[in-house]
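>>> Starting from these lines, generate the structure:
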Amino acid sequence: MPEQQQIQLKASDETLKGHYSNMMMVSHTKEEIILDFFNVTAQGGQLVSRIFTSPGHAKRVLGALADNLKKYEAQFGTVTAAPAPTKDFGFAPPQS
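Residues are numbered from 1 along each chain as shown. Predicted structure coming up:
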């Protein structure tokens with residue numbers, strides 16, 4: 001088995017604060033998956049973060065989210081999916 005390396009990760013105080021998001025849009029090109037996170041209120045919405053990643057890494061993220069949601073539900077109970085937005089927010093995703 002290969003030896004595991006320890007990597008030191010750093011984050012600024014500003015990054016550690018994070019951003020609240022209650023809507024997400026996923027788009028893609030041949031080379032990347034794009035995740036756009038929004039904070040939407042009755043007054044409108046704002047893009048709070050855009051993440052570009054490779055399709056292979058996106059698949060690992062999907063697995064990690066599924067695993068963590070399963071553990072969350074085992075501890076706190078079943079999560080009901082929020083309804084999808086019912087209006088067009090007029091945001092154009094990146095074009096391939």
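
>>> So which residues of this protein form strands?
Ranges of strands in the chain, per DSSP state E, are 23-28, 33-41, 44-53.

>>> To I7, which of these lies closest?
Closest to I7 of the strands of the chain is strand 44-53 (CB to CB; 17.5 Å). Every residue, glycine included, has its C-beta placed from N, CA and C.

>>> And the residue most central in space within the chain, how far from V26?
The residue lying closest to the centre of the chain (CA atoms, centre = their mean) is L35, at 5.8 Å. Between L35 and V26 the computed distance is 6 Å (CB to CB, to the nearest Å).

>>> what's the answer for K59, then?
Between K59 and V26 the distance is 13 Å, computed by CB to CB.

>>> can you check E73 too?
Counting by CB to CB - E73 and V26 are separated by 22 Å.

>>> Next: A66.
15 Å.

>>> what comes up buried for stretch 30-40?
E32, I33, I34, L35, D36, F37, F38 (16 or more other CB atoms under 10 Å).

>>> Which parts of this structure are helices?
Taking DSSP state H as the criterion, the chain carries its helices at 13-17, 55-76.
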